[in-house]
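>>> predicted model and sequence follow; I will ask about them next.
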Amino acid sequence: MEDSRTDNNRPARGGAPRQEGFTILETVVALLIMMVVGFGAVSLFVFSMNYNSGAADRARALALAQQRMEILRGTDYSNLSTVVSAMPTSENVGSPNTPDNDQRTFNVTTTLADDANVQNSHQKVIIVTVTPADAGRWTSGGVTLRCYRSENVMGTN
């Protein structure tokens with residue numbers, strides 16, 4: 001009877017058949033390469049989450065500043081000082097009823113001053129600055145809005 005074994009299955013010198021597959025060294029090198037690629041992907045994922053969190057903080061700060069500015073734009077010119085002094089300097093923004101409780105605290109500074117560029121002016125400058133209270137390294141600075149309001153006086157100096 002003729003032997004039907006192929007060359008790969010031919011007995012070696014010691015009489016044991018050759019075995020196919022990866023050696024332990026090849027397996028360890030492949031695992032190390034996969035670990036390096038995996039850690040790189042995880043660090044990229046963490047970086048993008050932190051960066052997106054900072055963008056969300058800036059968007060919330062801008063929305064809060066716009067809300068504050070709209071309140072002041074709708075206020076009578078003669079009552080601006082009273083309304084600005086009564087506004088809170090810190091506000092919580094977010095959705096406290098969500099599972100991750102993404103509520104944040106923002107420091108809000110509202111400044112009301114006469115316009116220094118115009119003499120005998122009936123114009124005021126409103127500056128609203130909003131910054132996250134516990135800003136991380138991904139949230140750079142805050143948001144500042146500036147608005148000019150003038151008294152409804154026509155033809156007088």
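All right, it came through fine.
>>> which residues of the protein fall in helices?
24-73, 80-86 (DSSP state H).
>>> average pLDDT across the last one?
Spelled out, that is helix 80-86. Taken as a whole, helix 80-86 has an average pLDDT of 83.
>>> got the CA positions of it in PDB?
Presented in PDB, the C-alpha positions along helix 80-86 are these (Å, rounded to 0.1, in the frame of the first residue of the first chain):
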ATOM      1  CA  LEU A  80     -31.200  98.500  33.300                       C
ATOM      2  CA  SER A  81     -29.100  99.300  36.400                       C
ATOM      3  CA  THR A  82     -31.700  97.800  38.800                       C
ATOM      4  CA  VAL A  83     -32.100  94.700  36.700                       C
ATOM      5  CA  VAL A  84     -28.400  94.100  36.300                       C
ATOM      6  CA  SER A  85     -27.800  94.400  40.000                       C
ATOM      7  CA  ALA A  86     -30.500  91.900  40.800                       C
END
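>>> how far does it sit from the chain's center?
Per Cα atoms, centre = their mean, to the nearest Å, the displacement of helix 80-86 from the mean C-alpha position of its chain is 31 Å.
>>> for it, list every residue counted as buried.
Within helix 80-86, the residues that count as buried by 16 or more other Cβ atoms under 10 Å are 80, 84. C-beta coordinates here come from the backbone N, C-alpha and C atoms, glycine included.
>>> packing partners of it?
In this structure, helix 80-86 packs against helix 24-73, strand 104-114, strand 123-132, with contacts taken as 3 or more Cβ pairs under 8 Å, 6 or more residues apart in numbering; DSSP states H and E.
>>> any idea which of those scores lowest on pLDDT?
Confidence, taken as mean pLDDT, is least for strand 104-114 of the helices and strands packed on helix 80-86 (a mean of 83).
>>> pairing partners for the spatially closest residue to residue 134 that is not a sequence neighbour in the sheet, please.
Setting aside the residues directly before and after it, residue 134 is nearest to residue 105 in space (Cβ to Cβ, 6 or more residues apart in numbering), at 7.1 Å. Partner residues in beta bridges with residue 105, using DSSP bridges, are residue 92.
>>> now what about stretch 126-133, what contacts it?
57, 61-62, 64-65, 68-69, 72, 80, 84, 90, 104-113, 139, 141-149 (Cβ atoms under 8 Å, 6 or more residues apart in numbering).
>>> swap in 7 Å and give it another go.
Applying Cβ atoms under 7 Å, 6 or more residues apart in numbering, the contact partners of stretch 126-133 are 57, 61, 64-65, 68-69, 72, 90, 104-112, 139, 141-147, 149.
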